[in-house]
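Q: sharing a model that was predicted from the sequence below.
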Protein chains: 2
Amino acid sequence: MRRDVFQAIADPTRRAIIALIAIQAMTPNALSEHFDSTRQTISKHLRVLTECQLVKQEHRGREIYYQLEVDKIKEIDKWIAQFRKIWENRYDQLDDLLLTIQHIQDQ
Amino acid sequence: MRRDVFQAIADPTRRAIIALIAIQAMTPNALSEHFDSTRQTISKHLRVLTECQLVKQEHRGREIYYQLEVDKIKEIDKWIAQFRKIWENRYDQLDDLLLTIQHIQDQ
DNA sequence: TATATATGCAGCCAATTGGATGCGCAAATT
DNA sequence: AATTTGCGCATCCAATTGGCTGCATATATA
């Protein structure tokens, strides 16, 4: 099983789950009320999220509260960071200039 | 076909392609030299990346240079942004305090 | 003009995925 | 003690995915 963070957030339902529990910890039952899928299907999604440590469980009697592991989101942010410097250092003017230089070289 | 940015970056090979062309535009042939997969497989990955507009083509004779669409990466960053305020406003001290309050309430 | 090179597309296949259903188990509630 | 509630797990299934091979097409090159 691959089970990495990027594969986990590929599914729209799982992203929605993440967004919901980011606000407050929730049980599988409470979560499934927000979706058309069955509780078991949501449970399966939570398993994927747990396996890649994007969420953690907090047992409370027979209920299990799922809570976001914000640090794991940072992992995605870390991957994005390598491109951030590109769009931060890119200005329209500079773009035009480079394009012009390229055209001259092509001739 | 789903073909959204999150599904696109779920595959490790596609993430590697993105990282490579972020430095400089590359042809499918040049790209496939960096992987064990065949040129056609890389081409298929490039198709996925093109369809969700993470890359754009620049035709040059019989060669096609693939170039990163940095703006599309921002879309992922935008999704991450909603969680950034959580980890920025979260300090260990505050965490401990909240945990203590919760324990008191549980009693 | 014939050949080599660069590429995309169609089709095939095994593996994975997201969904449902039907359990079993543990904790509350009656 | 019996029942209800909350949950995870195993299994099944159709759809998707990532990889391959074998083309067809377009552009360079001999």
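A: Okay, I see it.

Q: tell me which other helices or strands the longest helix along chain A touches.
A: Ranked by number of residues, the top helix in chain A under DSSP state H is helix A:70-88. Under the contact criterion of 3 or more CB pairs under 8 Å, 6 or more residues apart in numbering or on different chains; DSSP states H and E, helix A:70-88 touches helix A:5-8, helix B:12-23, helix B:70-88. Any C-beta I mention is one placed from the backbone N, CA and C, and that applies to glycine too.

Q: list the buried residues in it.
A: A:72-74, A:76-77, A:79, A:83 (16 or more other CB atoms under 10 Å in any protein chain shown).

Q: quick revisit: among the helices and strands packed on helix A:70-88, which comes closest to DNA strand C?
A: Nearest to DNA strand C among the helices and strands packed on helix A:70-88 is helix A:5-8; the distance by CB to the nearest atom of the strand comes to 5.6 Å.

Q: how far does the closest one sit from the chain's center?
A: Mean-position distance between helix A:5-8 and its chain equals 7 Å (CA atoms, centre = their mean, to the nearest Å).

Q: does that helix reach chain B?
A: Yes - residues of helix A:5-8 contacting chain B under CB under 8 Å from any CB of the partner chain: A:6-7.

Q: now that helix: average pLDDT?
A: For helix A:5-8, mean pLDDT rounds to 98.

Q: export the helices and strands packed on helix A:70-88 to CSV and tack on distance to residue B:47?
A: Shown next, in CSV, are the helices and strands packed on helix A:70-88 (distance: least, CB to CB, whole Å):
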stretch, distance to residue B:47
helix A:5-8, 19
helix B:12-23, 11
helix B:70-88, 15
